[in-house]
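Student: Sequence first, predicted coordinates after that:
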Amino acid sequence: MENHAKCLIIIPAYNEAESIAKVVNDLTDHYPQYDYVVVNDGSQDATKEICLKNHFHVLNLPVNMGIGGAVQTGYCYARDNGYDMAVQIDGDGQHDVTFLKGMIDLIESGQADVVIGSRFVRREGFQSSRLRRLGIGFLSVLGWLLTGVKVRDITSGFRLVNKRFIRIFAEDYPADYPEPEAMIIASVHGGRIKEYPVVMKERENGESSITLKRSVYYMIKVTLAMLIRRLSFGFRR
Amino acid sequence: MIPHELQITLSAAVICYFILILHYLKKKMLELKYTLLWLVAGVVMAVMIFFPETLLWFVRLLGVESNMNGLYVLCFAFIIVILMMLTSIVSRQQMKIRILLQENSILEKRIRELEEAEEKRCMSRDEKSRGNEIARESQ
């Protein structure tokens, strides 16, 4: 285990009091070989108290920063503590850590710098609604047009990065709805992005951060953000 | 040409404006860096009041027919630029706050863990000394 690469699991949590203990306990029971850190994003419920009571590794943000800021905090922590890899998973138990081994292998064998856990490669498990898949498809095509890299599950929040991209994301990570934009950042920095087939569960507690009302704003904001990101890096491929 | 009465009213207004800025500066409610913008605006207003010809000349230069319309266009442009600068300042501050918050949370975790370790160390030391006492008593 000594010369094994150190991998940090980043779990952003905003008002996840009901599920956070279960997610973390699952993790420490079945996968004690991985380190983890919960990023409590200024939750108003008992998330912080639960984490402190159970002596979880937790970073407490005093105010709510949004998912991007929370995940970035995890990357800063990974950078400061010399981790070789960092993976972000959701605090609501959607992502299954069983698949992490295969994702880590992709990075350790040097095949990829960024591995995105994708539910659309094998089309198993929770697939999201049709409308949402349409939106994801549009963003995926946009990402492909902008960078030449095809990522089918571009909004997946289940992604593993190597040391170089820990540093890049610690310095520069989009604030809200960050996933598609982060993929553009990774791509323009010359990162090799691979998708790894995973099965996602439907969320157990809480609601998706993207309600129907917000999805219009989401699409406009993310599309613009991706375009501007691409422009600000110039026209090299 | 603008009438003298109006010129006097406007001068008084601009003087009030400068006094207000000075007041804020003295009370440190305004950062000088950001006040420069408003001071420049005040100087431009003063120039327009005391030398209305410059305004007329500039409005003609822009190709606007009516003097008043030209004035409105200028005001509008100025305000938009100032608002844009303000948004940029807010964005930069937001970025700084973000970094501060992140650093803060990482430090908070470190302190919490140090305190826990210290507590444990103290407790084990207490236990050890208590153990020694018991051993001495039993001797």
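Tutor: Alright, I've got the coordinates.
Student: quick one: residue B:108 and residue A:58 touch, right?
Tutor: No - look at residue B:108 against residue A:58 with C-beta atoms under 8 Å: they stay out of range, at 9.4 Å. For every residue, glycine as well, the C-beta is placed using N, CA and C.
Student: What are the phi and psi values at residue A:58?
Tutor: The phi/psi pair for residue A:58 (degrees, to the nearest 10) reads phi -140, psi 140.
Student: hang on, it packs against residue A:37?
Tutor: Yes - the pair residue A:58 and residue A:37 passes the contact test of C-beta under 8 Å, sitting 7.0 Å apart.
Student: So the residue lying closest to residue B:52 once chain neighbours are set aside: helix, strand or coil?
Tutor: Spatially, and ignoring its direct neighbours in sequence, residue B:52 is nearest to residue B:2 (5.3 Å; C-beta to C-beta, 6 or more residues apart in numbering or on different chains). What DSSP: H, G, I helix; E, B strand; the rest coil gives for residue B:2 is coil.
Student: residues near residue B:2, how many?
Tutor: Neighbourhood size, residue B:2 [other C-beta atoms under 10 Å in any protein chain shown]: 13.
Student: if I look at it, how far off is chain A?
Tutor: Relative to chain A, residue B:2 is positioned 45 Å away (C-beta to the nearest C-beta, to the nearest Å).
Student: between residue B:108 and residue A:58, which one's more packed in?
Tutor: residue A:58 (24 against 15).
Student: Look at the more buried one and report its pLDDT.
Tutor: In this model, residue A:58 is scored at 93, pLDDT.
Student: Write out the residues of chain A neighbouring chain B.
Tutor: A:37, A:39, A:55, A:57-63, A:65, A:69, A:72-73, A:76-77, A:80, A:175 (C-beta under 8 Å from any C-beta of the partner chain).
Student: Tell me the buried residues in stretch B:97-105?
Tutor: Buried residues in stretch B:97-105, counting neighbours by 16 or more other C-beta atoms under 10 Å in any protein chain shown, are found at B:98, B:101-102, B:105.
Student: That should have said stretch A:31-42, apologies.
Tutor: Of the residues in stretch A:31-42, A:34, A:36-42 count as buried by neighbour count, 16+ other C-beta under 10 Å.
Student: Helices of chain A, residue ranges please.
Tutor: With helices called from DSSP state H, chain A shows them at A:17-30, A:47-53, A:66-80, A:100-108, A:130-147, A:163-171, A:179-188, A:212-232.
Student: need the least confident one among these, by mean pLDDT.
Tutor: The minimum mean pLDDT among the helices of chain A belongs to helix A:212-232 (a mean of 85).
Student: That helix versus helix A:179-188: what angle between them?
Tutor: 20 degrees (axes from the mean of the first three to the mean of the last three C-alpha atoms, to 10 degrees).
Student: tell me what helix A:212-232 is packed against?
Tutor: helix A:130-147, helix A:179-188 (3 or more C-beta pairs under 8 Å, 6 or more residues apart in numbering or on different chains; DSSP states H and E).
Student: Can you pull out the residues in contact with the longest one?
Tutor: Going back to what we said before, that points to helix A:130-147. Around helix A:130-147, the neighbours that count as contacts under C-beta atoms under 8 Å, 6 or more residues apart in numbering or on different chains are A:120, A:127-128, A:149-155, A:180, A:183-184, A:187-188, A:215, A:218-219, A:222-223, A:226-227, A:230, A:237.
Student: Just the buried ones out of those, please.
Tutor: Buried among the contacts of helix A:130-147 (16+ other C-beta under 10 Å): A:120, A:128, A:149, A:151-155, A:180, A:183-184, A:187-188, A:218, A:222, A:226, A:230.
Student: Mind checking the helices and strands packed on helix A:212-232 for the one nearest to residue A:97?
Tutor: Closest to residue A:97 of these, according to C-beta to C-beta: helix A:179-188, at 18.7 Å.
Student: neighbours of residue B:138, just the number please.
Tutor: Residue B:138 - counted by other C-beta under 10 Å - has 6 other residues nearby.
Student: now swap in residue B:51 and tell me
Tutor: Neighbourhood size, residue B:51 [other C-beta under 10 Å]: 11.
Student: quick one: it from chain A, how far?
Tutor: Residue B:51 is 43 Å from chain A, by C-beta to the nearest C-beta.
Student: relative to helix A:66-80, how tilted is the helix of greatest length in chain B?
Tutor: Selection of the longest helix in chain B by residue count, based on DSSP H, yields helix B:67-138. Here helix B:67-138 runs at an angle of 50 degrees relative to helix A:66-80 (the same axes, to 10 degrees).
Student: now helix B:67-138 against helix A:163-171, angle please.
Tutor: Comparing the axes of helix B:67-138 and helix A:163-171 via the same axes, to 10 degrees yields an angle of 120 degrees.
Student: List the contacts of the residue nearest to the spatial centre of chain A.
Tutor: By C-alpha atoms, centre = their mean, chain A has its centre lying nearest to residue A:157, at 3.4 Å. Contact partners of residue A:157, counting by C-beta under 8 Å, 6+ apart, are A:67, A:88-90, A:95, A:179.
Student: Out of these, the closest to residue B:23 would be?
Tutor: residue A:67 (42.9 Å).
Student: residues near the closest residue to the closest one other than its chain neighbours, how many?
Tutor: With C-beta to C-beta, 6+ apart as the criterion, residue A:67 has its nearest non-adjacent residue at 5.7 Å, and that residue is residue A:12. Neighbours of residue A:12 under the rule other C-beta under 10 Å: 28.
Student: so residue A:12 makes contact with residue A:39?
Tutor: Yes - using C-beta under 8 Å, residue A:12 is in contact with residue A:39, at 4.8 Å.
Student: So for these two, which residues contact both of them?
Tutor: Contacts common to residue A:12 and residue A:39, judged by C-beta under 8 Å, 6+ apart, are A:70-71, A:74.
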